[in-house]
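Novice: Can you look at this prediction? I've put the sequence above it.
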Amino acid sequence: MELQDPKMNGALPMGAVGYRQERQGFLPSHNPAPGRKPAQFMDYQGKTSFGMSVFNLSNAIMGSGILGLAYAMAHTGVLFFLALLLCIALLSSYSIHLLLTCAGVVGIRSYEQLGQKALGPVGKVVVATVICLHNVGAMSSYLFIIKSELPLVIGTLLSMDPEGYWYLTGNFLVIIVSVLIILPLALMRHLGYLGYTSGLSLTCMLFFLISVIYKKFQLGCVVGRNETAVGSNSTLGPPIQGLNGSCEAQWFTVDSQMFYTVPIMAFAFVCHPEVLPIYTELCRPSKRRMQAVANVSIGAMFCMYALTATFGYLTFYSSVEAEMLHMYSQKDPLILCVRLAVLLAVTLTVPVVLFPIRRALQQLLFPSKAFSWPRHVAIALILLVMVNVFVIYVPTIRDIFGVIGSTSAPSLIFILPSVFYLRIVPSEVEPLFSWLKIQALCFGVLGVLFMAISLGFMFANWATGQSHALGH
C-alpha cells in the first residue's frame, strides 16, 4: 500500500513541490526556507529515537561479511583495502540519499513499492527478486558458518576429531540444525521475539572484533599453518611467529583474487531494503534526520570493518582464509566462546532472513490468496532445502560472498536507486540532463560495470580451476 502525502494528491507537479522542500543536498543545510514547514516523509509519525534507529540500521548492515574482510585486505593491501572500503561506504551513503529523495517525492516506504512506482509491476518483481536473491545469499553464508564452525566446537567440547566421525561432519550437522532449530522457528507465523536476534548478532560481532584485536597482541604473527586443520590427536605446538618474510604487511597489491574482495566489501554494506522501514519508524522523520542516521551507522560499521580486517590481516597476513574465524586454534578457550556466540547469532538470524523471502514470494506468486498454513510451511521447506543443498556443494564461503556481492549487492546499492531517481524525480524539477541526474546515471553505470567485471573474473577463475586451487 503506497502512503501518499495529502499535500501531493498523487500529482507530479505537487510532488515536485514536495521534492523541492525535501531535497536539501547530500550534506543538507540546516537553514530551511523562511516561513516554510519542512516536508515530512508521511503523515505517520514514528516513535523510534535517533539512537535506536542508528542501532537498528547498524544491525541491518552488520552480517557475516565481516568474517571475509581480512581475506579481502590480504588480496588488496592495507591502504588499497581501506581506500576501497571508504569508497564503498561513501557510495552506500549516497545511494541511501537517492532512496530518501525518491521516498520524499512519492511518499512510499518500501523498496518494492518504489520499484513499482518507477517501473510498474515489472519493477516490483525485479526488486523483490533481487532482495530474495540477496537474502538467500545471506542465509547461505550463515549456514556455511554453521557447517564450518560447529564441527570444531563439538569436537573441542567432546575431545574428538570431527573428521573421524560421520555425524560430526559439517554437511550432516548443518542439516540437523536446519531441521531441529531453524525450521521450527521459520514456521512461526510472525517474527515476534526473533526480531531481537539482530541485537544479539551485533553484540556477538563486537565480541568477535574485541577477540581479534586481543589475539593479535597475544599471538603476534601466525604463519605457516592453520591449527584448525591439525587433528585433535596431534600435539599443537606454539604459533609460528615472525620466522619468515610472510609477516610483512602489503600496502598495495593486485591479484586475481581481488575480484572476490570488492564484492565481499559490497556485500558487507548492503542495508538498503531496511532503510525505508526504519525511516517510517523514526521519530520526527525527515530526509535530513534519516540521512544522519544512515551516515552515523555506515561510519560506525566502516570503523568496525576496518579494525576487524586490519587486526585479522596483521595476525595471519597472506595465509588468512575467507572465513577468518576458521584460522584460530580449535582449542583456544576464548575463540571457542567466540565460535559459540557467532553460531548462536547466525542460527537465530536465519529464520529472520527467511521471513522477508517468504513474504515476497507470497506477494508475487499468490497476491490475492489468504494465509494458508500448507503454503506457509511448503515455502519454508523449499527454501531451506535449496539453501542446504547450495551450502553443501559450495566449496568456500568466499564463493557465496563473491556471487552475491557481485549480483544483488550492486543492484541494491548502485543500479536500482539510480533507476528510481531517474524515473521518479520529476523532470519539472530536475531535467534529464541536469547534473544531479547525470550523476545518478553515472552511479548506475558504475554498478553495472562493477557487476560485469566481478562476475567475469570469477567465472574466469572457475573455468581455469584457480578458484578450487586456492580454496580452503
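Specialist: Received, thanks. Numbers count the residues shown, from 1 in each chain.

Novice: the helices in the stretch 151-300 of the chain, which residues?
Specialist: 170-177, 183-186, 197-219, 258-267, 272-281, 287-316 (DSSP state H, counting those that start in this stretch).

Novice: among those, where is the model least confident on average?
Specialist: Here the lowest mean pLDDT among the helices of the stretch 151-300 of the chain goes to helix 258-267, at a mean of 79.

Novice: Run the angle between it and helix 287-316 for me.
Specialist: Between helix 258-267 and helix 287-316, the angle formed by their directions is 140 degrees, by axes from the mean of the first three to the mean of the last three CA atoms, to 10 degrees.

Novice: Now tell me what touches helix 258-267 from outside.
Specialist: Helix 258-267 has contacts (CB atoms under 8 Å, 6 or more residues apart in numbering) with 63, 65, 68-69, 71-73, 75-76, 81, 84-85, 88, 137, 305, 322, 398, 401-406, 409-410, 413, 450, 453-454, 457-458, 461. In short, each C-beta sits where N, CA and C put it, glycine included.

Novice: Narrow the residues you listed to those in helices?
Specialist: Within the contacts of helix 258-267, membership in helices is found for 69, 71-73, 81, 84-85, 88, 137, 305, 398, 401-406, 409-410, 450, 453-454, 457-458, 461, as judged by DSSP state H.

Novice: could you flag which of the residues you listed are buried?
Specialist: Buried members of the ones in helices among the contacts of helix 258-267, counted by 16 or more other CB atoms under 10 Å: 69, 71-73, 81, 84-85, 88, 137, 305, 398, 401-406, 409-410, 450, 454, 457-458, 461.

Novice: before we move on, the earlier item: determine which stretch of the helices of the stretch 151-300 of the chain is the most buried.
Specialist: Ranked by mean neighbour count under mean count of other CB atoms under 10 Å, the helices of the stretch 151-300 of the chain are led by helix 258-267, which reaches a mean of 26.

Novice: tell me the contacts of residue 289?
Specialist: By CB under 8 Å, 6+ apart, the contact list for residue 289 reads 50, 282.

Novice: Any figure for the gap between it and residue 283?
Specialist: 9 Å (CB to CB, to the nearest Å).

Novice: got the helices of the stretch 151-300 of the chain as TSV, with distance to residue 142 columns?
Specialist: Output for the helices of the stretch 151-300 of the chain, formatted as TSV (distance: least, CB to CB, whole Å):
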stretch	distance to residue 142
helix 170-177	10
helix 183-186	13
helix 197-219	10
helix 258-267	13
helix 272-281	17
helix 287-316	18
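
Novice: closest one to residue 148 among those helices?
Specialist: Taking CB to CB as the criterion, residue 148 comes closest to helix 170-177 out of those, the separation being 5.9 Å.

Novice: which residues are in contact with the closest one?
Specialist: Among residues not part of helix 170-177, those counted as contacts by CB under 8 Å, 6+ apart are 143, 146-148, 150-151, 154, 162, 166-167, 347, 388, 391-392.

Novice: please redo it, this time with the cut-off set to 7 Å
Specialist: 143, 146-148, 150-151, 166, 347, 388, 391-392 (CB atoms under 7 Å, 6 or more residues apart in numbering).

Novice: What average pLDDT does stretch 68-78 get?
Specialist: Rounded to a whole number, the mean pLDDT of stretch 68-78 is 88.

Novice: now that stretch, how far from the chain's geometric center?
Specialist: Stretch 68-78 has its average C-alpha position 17 Å from the chain's average C-alpha position, going by CA atoms, centre = their mean, to the nearest Å.

Novice: now swap in stretch 401-411 and tell me
Specialist: Computed by CA atoms, centre = their mean, the separation of stretch 401-411 from the middle of its chain amounts to 10 Å.

Novice: And stretch 169-183, by the same measure?
Specialist: Centroid separation between stretch 169-183 and its chain, computed with CA atoms, centre = their mean, is 23 Å.

Novice: Span of that stretch from start to end?
Specialist: 20 Å (CA to CA, to the nearest Å).

Novice: I'd like the numbering to begin with 303 instead of 1 from here.
Specialist: In the new numbering, first residue 303, that becomes stretch 471-485.

Novice: From residue 678, how far off is residue 490?
Specialist: 10 Å.

Novice: same check, this time on residue 622
Specialist: Look at residue 622 and residue 678: by CB to CB, they are 42 Å apart.

Novice: what stretches of this protein score poorly on pLDDT?
Specialist: 303-348, 493-500, 523-548, 558, 767-774 (pLDDT under 70).

Novice: could the contacts of helix 472-479 go into TSV alongside distance to residue 727 and secondary structure?
Specialist: Compiled in TSV, those are given as follows (distance: CB to CB, whole Å; DSSP: H, G, I helix; E, B strand; the rest coil):
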residue	distance to residue 727	secondary structure
445	40	helix
448	44	helix
449	45	helix
450	45	helix
452	48	helix
453	52	helix
468	59	helix
649	42	helix
690	43	helix
693	41	helix
694	46	helix
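
Novice: who wins for neighbours among those residues?
Specialist: The member of those that has the most neighbours, counting by other CB atoms under 10 Å, is residue 445 with 29 neighbours.

Novice: who wins for proximity to residue 354 among the helices of the stretch 453-602 of the chain?
Specialist: Minimum separation from residue 354 across the helices of the stretch 453-602 of the chain (CB to CB) falls at helix 574-583, 8.9 Å.

Novice: now the closest one, how far from the centre of its chain.
Specialist: Going by CA atoms, centre = their mean, the spacing between the C-alpha centre of helix 574-583 and its chain's C-alpha centre is 15 Å.
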